[in-house]
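Engineer: here are the coordinates; sequence isn't available:
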């Protein structure tokens, strides 16, 4: 990699890598950050509950400071709203990202399958039984 003009420097590692690999490394970091819903349902539910608790606390704090609260963080004490938030997150963010990562890297079929179960099974559970995903 003598031609640094086609490479990007990775801060902290002190190395130069081609832009595609830098993008891949960043995508891996994002995928890892959003991996809580890739676990089996029992574990994914715990992750989701913790994130919702965090959102609820943040919304309360923002309200107390007179700051605007993001709409998706409002009313998360109601089971149906919690379920909707989780399903949208899985369907619109995590599943597309992890599907693309599996296409790129292969070997991620189990997490993607878990996401598909959450995206397909959870709506039935949540809408018909009004349970929390």
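Structural biologist: Structure's in. What do you need? Note that the structure is predicted; figures quoted are calculated from it, not measured.
Engineer: going forward, measure contacts and count neighbours with C-alpha atoms only.
Structural biologist: Noted.
Engineer: residue ranges of the helices in this protein, please?
Structural biologist: Assigned by DSSP state H, the chain shows helices spanning 19-33, 41-64, 79-89, 95-105, 109-129.
Engineer: mind putting those helices into CSV with mean pLDDT?
Structural biologist: As requested, the helices of the chain are arranged in CSV below (pLDDT from 0 to 100):
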stretch, mean pLDDT
helix 19-33, 82
helix 41-64, 92
helix 79-89, 86
helix 95-105, 86
helix 109-129, 65
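Engineer: let me have those in CSV, adding distance to residue 71 and mean neighbour count as columns.
Structural biologist: As requested, the helices of the chain are arranged in CSV below (distance: least, Cα to Cα, whole Å; neighbours: other Cα atoms under 10 Å):
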stretch, distance to residue 71, mean neighbour count
helix 19-33, 22, 13
helix 41-64, 9, 15
helix 79-89, 11, 18
helix 95-105, 22, 17
helix 109-129, 20, 17
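Engineer: for residue 73, which of those helices is the nearest?
Structural biologist: helix 41-64 (5.7 Å; Cα to Cα).
Engineer: run through who's touching the closest one.
Structural biologist: With Cα atoms under 8 Å, 6 or more residues apart in numbering as the contact definition, helix 41-64 has outside contacts at 36-38, 68-70, 73-74, 76-77, 82, 86, 114, 118, 133.
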